[in-house]
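Novice: from the sequence below, what's the structure:
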Amino acid sequence: AYATDDWLFRLLTMAQMVGVVIFALGLPDVFKSMDEGNILDNRVVVFGYMIMRLPLVALWLRAARHDAARRPTALTYVKTLLAAQALWTVIMIVDLPIAATFAAMSVPFAIELLGPYLAERKGGTPWHPHHIAERYGLLTIIALGEGVIGTVASVSALVEAAGWNLDAILVAGAGIGLTFALWWIYFWPPHHYAIGNLRQSLAYGYGHYFIFAAAGAFSAGIEVE
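Specialist: Purely as a prediction, here's the structure:
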């Protein structure tokens, strides 16, 4: 929204990256607890997520301080983020059965999704269609890179088991070909033309969110199989 690039912004961004790392390190504990017990072990995951989000609260507080015209919008972001984090903390502390944990998680999850909608109704933040399209394009590049990594892992397993054969060649060609096709299709149209107003911008962002969530769930299912 503000394209700030000073030392404080960079430090807070680094803190969010640390949170992502901690979040990722906690995922094996979540899946292990789902396999072995009735209590979901989400402590490391939620702790990492809190480290991701609290620097974002600091950034919105900074925006509220320096942009008086959009202060209500920035403070709404702060309130929804803090409310969600408070609920995530309770979920982390209280040991609930897996089904009850997922049911409880739906509440802060809904707050996270509603936060931007509620905040932007109070005046909106500065934004630019080209910038939004570029950021989601970069996220898509990362996702497509996971396709290349998955292809390499699959082909490596086949080659290690039976050497280079027709199956390995077909998997390599299909994996790289599908990834390349997705890249070609995604970046063919100029996305910024689809973002003419704020409502379209939010729809664009939410659409990407659900697409990547579905793709992640699908990939996780394949790995489990």
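Novice: can you check which helix is longest in the chain?
Specialist: helix 129-162 (DSSP state H).
Novice: which helices and strands sit right next to that one?
Specialist: The contact analysis (3 or more CB pairs under 8 Å, 6 or more residues apart in numbering; DSSP states H and E) places helix 129-162 against helix 166-186, helix 198-224. Using the backbone N, CA and C atoms, a C-beta is placed for each residue, glycine as well.
Novice: quick one: mean pLDDT over the last one.
Specialist: It stands for helix 198-224. Confidence over helix 198-224, taken as the mean pLDDT, stands at 69.
Novice: got it, and the shortest one?
Specialist: Mean per-residue pLDDT for helix 166-186: 89.
Novice: list the buried residues of that helix.
Specialist: Within helix 166-186, the residues that qualify as buried by neighbour count (16 or more other CB atoms under 10 Å) are 168, 171, 172, 175, 179, 183.
Novice: now residue 82. Nearest residue, chain neighbours left out?
Specialist: With CB to CB, 6 or more residues apart in numbering as the criterion, residue 82 has its nearest non-adjacent residue at 6.2 Å, and that residue is residue 57.
Novice: returning to what we had before: make TSV from the buried residues of helix 166-186 and add distance to residue 100 to it.
Specialist: Formatted as TSV, the entries for those read as follows, by distance: CB to CB, whole Å:
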residue	distance to residue 100
168	45
171	41
172	44
175	39
179	39
183	41
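Novice: from the residues you listed, which is closest to residue 200?
Specialist: residue 183 (23.5 Å; CB to CB).
Novice: contact partners for that closest one?
Specialist: Residue 183 makes contact with 140, 141, 144, according to CB atoms under 8 Å, 6 or more residues apart in numbering.
Novice: same thing but at 6 Å, please
Specialist: Taking CB atoms under 6 Å, 6 or more residues apart in numbering as the criterion, residue 183 is in contact with residue 144.
Novice: ok, it to residue 177 distance?
Specialist: With distances taken as CB to CB, to the nearest Å, residue 183 is found 11 Å from residue 177.
Novice: swap in residue 130?
Specialist: Residue 130 sits 30 Å away from residue 177 when distances are taken as CB to CB.
Novice: do residue 184 as well
Specialist: Between residue 184 and residue 177 the distance, using CB to CB, works out to 10 Å.
Novice: give me the phi and psi for residue 39.
Specialist: Main-chain torsions, residue 39, degrees, to the nearest 10: phi -110, psi 130.
Novice: tally of neighbours for it?
Specialist: Residue neighbour count, defined by other CB atoms under 10 Å, stands at 14 for residue 39.
Novice: again with the one 5 residues further on
Specialist: Burial of residue 44 is recorded as 18 neighbouring residues (other CB under 10 Å).
Novice: same deal with the one 5 residues further on?
Specialist: Using other CB under 10 Å, residue 49 is surrounded by 22 other residues.
Novice: can you tell me the element it falls in?
Specialist: When elements are defined using DSSP states H and E, residue 49 is found to belong to helix 43-66.
Novice: can you give me the mean pLDDT across that helix?
Specialist: If you average the pLDDT values across helix 43-66, you get 94.
Novice: what does stretch 146-160 rub up against?
Specialist: Outside stretch 146-160, the residues that reach it (CB under 6 Å, 6+ apart) are 167, 168, 171, 172, 175, 176, 179.
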